[in-house]
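**Student:** I need the structure of the sequence given here:
(chains A and B)
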Protein chains: 2
Amino acid sequence: MKGFQKLTPVEDAQLAFLNNLNLQPTPKTTIHTTEALNRVLAEDIVAKTDLPRFDRAAVDGYVVRAEDTFGATQYKPCIFQYTKEDTLTQNQTKQVWTGNSLPKNASAVAMLEDTETAKAKLEVWTPLTPGENISKRGEDILEGQTAIQAGTRLKPHHLGLVAALGETQVKVHEKPKVAIIATGNELAELGTRLQENQIYDTNRLVLSGLCWENGAEPLDLGIVKDSVNDITERLRVAVEKADLTLTSGGTSVGGADLVPDAVNNLGKPGIIIHGIAMRPAMPTALAAIGNKPLIILPGNPVAAIIGFEVFARPLLARLQGLKQAEPRPTVKAEMTRRTATTLGRKNYLRVHVRYKNGRLCAEPISAKGSSMFSTMTRSNGYVIVPEDREGLEKGEIVQVHMFDTISE
Amino acid sequence: MKGFQKLTPVEDAQLAFLNNLNLQPTPKTTIHTTEALNRVLAEDIVAKTDLPRFDRAAVDGYVVRAEDTFGATQYKPCIFQYTKEDTLTQNQTKQVWTGNSLPKNASAVAMLEDTETAKAKLEVWTPLTPGENISKRGEDILEGQTAIQAGTRLKPHHLGLVAALGETQVKVHEKPKVAIIATGNELAELGTRLQENQIYDTNRLVLSGLCWENGAEPLDLGIVKDSVNDITERLRVAVEKADLTLTSGGTSVGGADLVPDAVNNLGKPGIIIHGIAMRPAMPTALAAIGNKPLIILPGNPVAAIIGFEVFARPLLARLQGLKQAEPRPTVKAEMTRRTATTLGRKNYLRVHVRYKNGRLCAEPISAKGSSMFSTMTRSNGYVIVPEDREGLEKGEIVQVHMFDTISE
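**Tutor:** Numbers count the residues shown, from 1 in each chain, chains lettered A, B, ... in the order given. This next block holds a predicted model:
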């Protein structure tokens, strides 16, 4: 029977994993700007035009030559004639609205509230400096400037800028494909009738959701029975089709490490790390076939989620061309009670953060087994408790990594 | 020419808007559990089964009758016979793996490391209490308990729980449909050739992205010229098809409030609020035709984004059956320099939050006009500066609402 002779610290495992992979971002692909929400930009977008494209009014008002307003006061306004021409001469004005282009010679815009129309003429009450209330061409971005850097995940406001620059297409990295396999004789497909001692597989659904959330495209490769041969064959398909393979279960079943053995059957380097000094997800294994990474997650749902968080998220980020996993929002919160953790392991303690008398409090959500879904659905974040701690004290201020929202 | 005689405070505007609408969540619809990621649950999910469904091993090891281990020590282990039967009798044992169901009479599991096999028999070195290392049936959730409450946005771990309970379908609220219309003679469609003084419309793309991010389905109803009649006709389509209508531009063009006038043409109650004590997005108008809400956003891209944040997000949340807009993550950060804001308005100040010597700092990203895309793309959050402040001080600790991630 195999046990874990030695558990590898989380950071060492992450490093060994990356060092064994010559991980390249997925290929670049060109897509329509309108389809690019949440994709990661593969090449800098360099402005082919100034933004704004022309000088324009920054407010609603009257465009003037600034020098014609010098000395204006409320008691002695400067008087302007309306014109329809495209060029202003001395003491001529024209009404403009925010965003309008400007006639020739215009050098400032008088705001509505600083003017009054009297006897079909315009009175301007305050002196304007040249450029006042005008958005100058190129003020936002100059032609040739990098508007958005490669490696940026495109949010709605980025798409707005891309469109403002007239770019109908963008180069992004392909969505990484993630093969997902669940192993276990006890697993039944949702929608089928349970046999005695069977349970529904939940990990493929959970891991698929986590993939979508992280910009990747899950490939569901189904459930495989606890057989090294069957697992090997399914893994062969996975490694061929996907950029990353995730399995759940079979890390130590019936005395044999089924999935790790199957991985080692398949090719080199095979299993890189097996057994990690963390809790939950200790039996996680990190592997590669050629340059294709595999993460062998435990069957326990909560352990699988934490294993994904710690090992798959950073990998998916790099596969998409991001420098690192996008950090989860964190909050500082006060522990509501003492909680024991396991010495020598990095503990990912689920907590429920909420406001209590205006202060953020973190209630530990503990349960005996890491198989407890309620520890995930009742929590909205986790605290990383380092290896040299045996627990957290009541009242201790902790940093919580949030994976769900905080209700008021 | 219309000005804003009186600006309505943000909270008053939000309240007046909601009070004029008898806002109901969108209809319930039944969808497959596998399609339910990020949808909002419309009815409680009540467990039709215990979870776990049966007593099972919480660790890898040997299942025993706890009383047979009483008194065991490393020097005087208790000795067990292996059996293949489904019922344990005195001093019988059977190997089990985490998640396995248990034979009859089994009341504890000895962990691998507390045992040794000697002469085809099992030695157990430590006494076990009844229930030790066993996940009891119903320990996670009991039949009849509410597993997930209505009004929950279903994240991957929620879907896992739904699947564990064997539920193949869930009742969720329909995605709210949001009609989006841009108005303005100066606007050109992305992909077309710009005429002189034209700019590309960006707001439909930005607002569509914001709708997707908030669980809604955008309906792009295109660009409409600055004509009250044309706008009225397009709005008629929008109000008929969508749960919420967003327009950008035309709040005060050429001296006329084109979109507000069009809304008032269309029906009652029409414009509820026009002109809000905020910056940017001051010219925003809130309206309704019958019970269908409309938000008339300014044409300036940044103003449109902030207007969406303040007025559309809370509405979309309620339309989906959430109690309130999901709060953005917030961080406390130190202002890197003094920044002026407008007295009497609630200012939504864009800032870029980053770590500086291990502390979170907020760099204000300011620009003259709210049309500057770079104030959005260079920032990752905003600070709400109240109406009675004229600015923020250097070194002041502010609460930042994050809309993008913080790079280390």
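**Student:** without its sequence neighbours, what residue ends up closest to residue A:238?
**Tutor:** residue A:179 (3.5 Å; C-beta to C-beta, 6 or more residues apart in numbering or on different chains). Any C-beta I mention is one placed from the backbone N, CA and C, and that applies to glycine too.
**Student:** just give the number of residues close to that neighbour.
**Tutor:** Neighbour count of residue A:179, defined by other C-beta atoms under 10 Å in any protein chain shown: 23.
**Student:** now swap in residue A:182 and tell me
**Tutor:** Applying other C-beta under 10 Å, we find 25 residues neighbouring residue A:182.
**Student:** same question, residue A:105
**Tutor:** Counted by other C-beta under 10 Å, the residues lying close to residue A:105 total 14.
**Student:** again with the one 4 residues further on
**Tutor:** Residue neighbour count, defined by other C-beta under 10 Å, stands at 29 for residue A:109.
**Student:** just to revisit the earlier point, so what's the residue nearest to residue A:238 up against?
**Tutor:** A:219, A:221, A:237, A:238, A:239, A:241, A:242, A:244, A:245, A:246 (C-beta atoms under 8 Å, 6 or more residues apart in numbering or on different chains).
**Student:** hmm, residue A:294 and the fifth one touching each other?
**Tutor:** Which is residue A:239. Yes - if you go by C-beta atoms under 8 Å, residue A:239 and residue A:294 touch, sitting 7.2 Å apart.
**Student:** between the two, who's got more neighbours?
**Tutor:** When residue A:239 and residue A:294 are compared for neighbours, residue A:294 comes out ahead with 27 against 22, by other C-beta under 10 Å.
**Student:** avg pLDDT for the helix or strand hosting that one?
**Tutor:** Element membership of residue A:294 [criterion: DSSP states H and E] is strand A:292-297. Mean per-residue pLDDT for strand A:292-297: 97.
**Student:** swap in stretch A:101-112?
**Tutor:** Rounded mean pLDDT across stretch A:101-112 is 93.
**Student:** which outside residues touch it?
**Tutor:** The contact list for stretch A:101-112, computed with C-beta under 8 Å, 6+ apart, reads A:54-67, A:69, A:85-89, A:93-94, A:96, A:122, A:124, A:126, A:128-134, B:1, B:3, B:196-197.
**Student:** which among these end up buried?
**Tutor:** A:54-66, A:69, A:88, A:93-94, A:96, A:122, A:124, A:126, A:128, A:131-134 (16 or more other C-beta atoms under 10 Å in any protein chain shown).
**Student:** point to the residue nearest the middle of chain A.
**Tutor:** Geometric centre of chain A, nearest residue: residue A:326, 4.9 Å, by C-alpha atoms, centre = their mean.
**Student:** okay, strands next: where are they in the stretch 201-350 of chain A?
**Tutor:** A:217-224, A:244-248, A:269-274, A:278-279, A:285-289, A:292-297, A:330-335, A:339-340, A:346-356 (DSSP state E, counting those that start in this stretch).
**Student:** same deal with the stretch 1-150 of chain A?
**Tutor:** A:28-32, A:45-46, A:56-57, A:61-64, A:78-82, A:92-96, A:108-111, A:115-118, A:121-124, A:134-135, A:146-148.
**Student:** now do the second one: distance to the chain's middle.
**Tutor:** Pointing back at strand A:45-46 there. 21 Å (C-alpha atoms, centre = their mean, to the nearest Å).
**Student:** can you check the first one too?
**Tutor:** Taking the mean of its C-alpha atoms, strand A:28-32 sits 19 Å from the chain's own mean (C-alpha atoms, centre = their mean).
**Student:** quick one on the thing from earlier: any chance of JSON lines for the strands of the stretch 1-150 of chain A, columns distance to residue B:113?
**Tutor:** Shown next, in JSON lines, are the strands of the stretch 1-150 of chain A (distance: least, C-beta to C-beta, whole Å):
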{"stretch": "strand A:28-32", "distance to residue B:113": "50"}
{"stretch": "strand A:45-46", "distance to residue B:113": "57"}
{"stretch": "strand A:56-57", "distance to residue B:113": "74"}
{"stretch": "strand A:61-64", "distance to residue B:113": "80"}
{"stretch": "strand A:78-82", "distance to residue B:113": "91"}
{"stretch": "strand A:92-96", "distance to residue B:113": "81"}
{"stretch": "strand A:108-111", "distance to residue B:113": "79"}
{"stretch": "strand A:115-118", "distance to residue B:113": "86"}
{"stretch": "strand A:121-124", "distance to residue B:113": "88"}
{"stretch": "strand A:134-135", "distance to residue B:113": "71"}
{"stretch": "strand A:146-148", "distance to residue B:113": "54"}
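**Student:** quick one: contacts for residue A:38?
**Tutor:** Contacts for residue A:38 (C-beta under 8 Å, 6+ apart) come out as A:153, A:154, A:155, A:215.
**Student:** next up, the contacts around residue A:85.
**Tutor:** A:92, A:103.
**Student:** swap the cut-off to 6 Å and go again
**Tutor:** Neighbour list for residue A:85: empty [criterion: C-beta atoms under 6 Å, 6 or more residues apart in numbering or on different chains].
**Student:** again with the one 3 residues further on
**Tutor:** Taking C-beta under 6 Å, 6+ apart, we find residue A:88 in contact with A:65, A:103, A:105, A:106.
**Student:** how much space separates the closest residue to residue A:356 other than its chain neighbours from residue A:400?
**Tutor:** Counting by C-beta to C-beta, 6+ apart, the nearest residue to residue A:356 once its immediate chain neighbours are dropped is residue A:336, at 7.9 Å. Using C-beta to C-beta, to the nearest Å, residue A:336 is found at 12 Å from residue A:400.
**Student:** higher neighbour count, those two?
**Tutor:** More neighbours surround residue A:400 than the other of residue A:336 and residue A:400, with 26 against 16 (other C-beta under 10 Å).
**Student:** so that one is in which element?
**Tutor:** strand A:397-402.
**Student:** and the nearest residue to residue A:396 once chain neighbours are set aside, bridged to which residues?
**Tutor:** Excluding the flanking residues, the one nearest residue A:396 by C-beta to C-beta, 6+ apart is residue A:335, at 4.8 Å. Here residue A:335 sits in beta bridges with residue A:362, as judged by DSSP bridges.
**Student:** check whether residue A:335 really touches residue A:399, as I assumed.
**Tutor:** No - if you go by C-beta atoms under 6 Å, residue A:335 and residue A:399 don't touch, sitting 11.4 Å apart.
**Student:** of the two, which one has the most company?
**Tutor:** More neighbours surround residue A:335 than the other of residue A:335 and residue A:399, with 22 against 12 (other C-beta under 10 Å).
**Student:** residues in contact with the more buried one?
**Tutor:** A:362, A:392, A:394, A:396, A:398.
**Student:** can you give me the helices for chain A?
**Tutor:** A:10-19, A:156-164, A:203-213, A:228-241, A:258-266, A:301-307, A:313-319, A:374-377 (DSSP state H).
**Student:** need the winner for burial among those helices.
**Tutor:** The highest mean neighbour count among the helices of chain A, using mean count of other C-beta atoms under 10 Å in any protein chain shown, belongs to helix A:301-307: a mean of 27.
**Student:** mind checking the pLDDT average for that helix?
**Tutor:** On average, helix A:301-307 scores 94.
**Student:** and that helix, C-alpha only, in PDB?
**Tutor:** Taking Å, rounded to 0.1, in the frame of the first residue of the first chain, the C-alpha atoms of helix A:301-307 are listed here in PDB:
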ATOM      1  CA  PRO A 301     -15.800  17.800  -4.000                       C
ATOM      2  CA  VAL A 302     -14.400  20.500  -1.700                       C
ATOM      3  CA  ALA A 303     -10.800  19.200  -2.000                       C
ATOM      4  CA  ALA A 304     -11.300  19.200  -5.800                       C
ATOM      5  CA  ILE A 305     -12.400  22.900  -5.700                       C
ATOM      6  CA  ILE A 306      -9.500  23.900  -3.500                       C
ATOM      7  CA  GLY A 307      -7.000  21.900  -5.700                       C
END
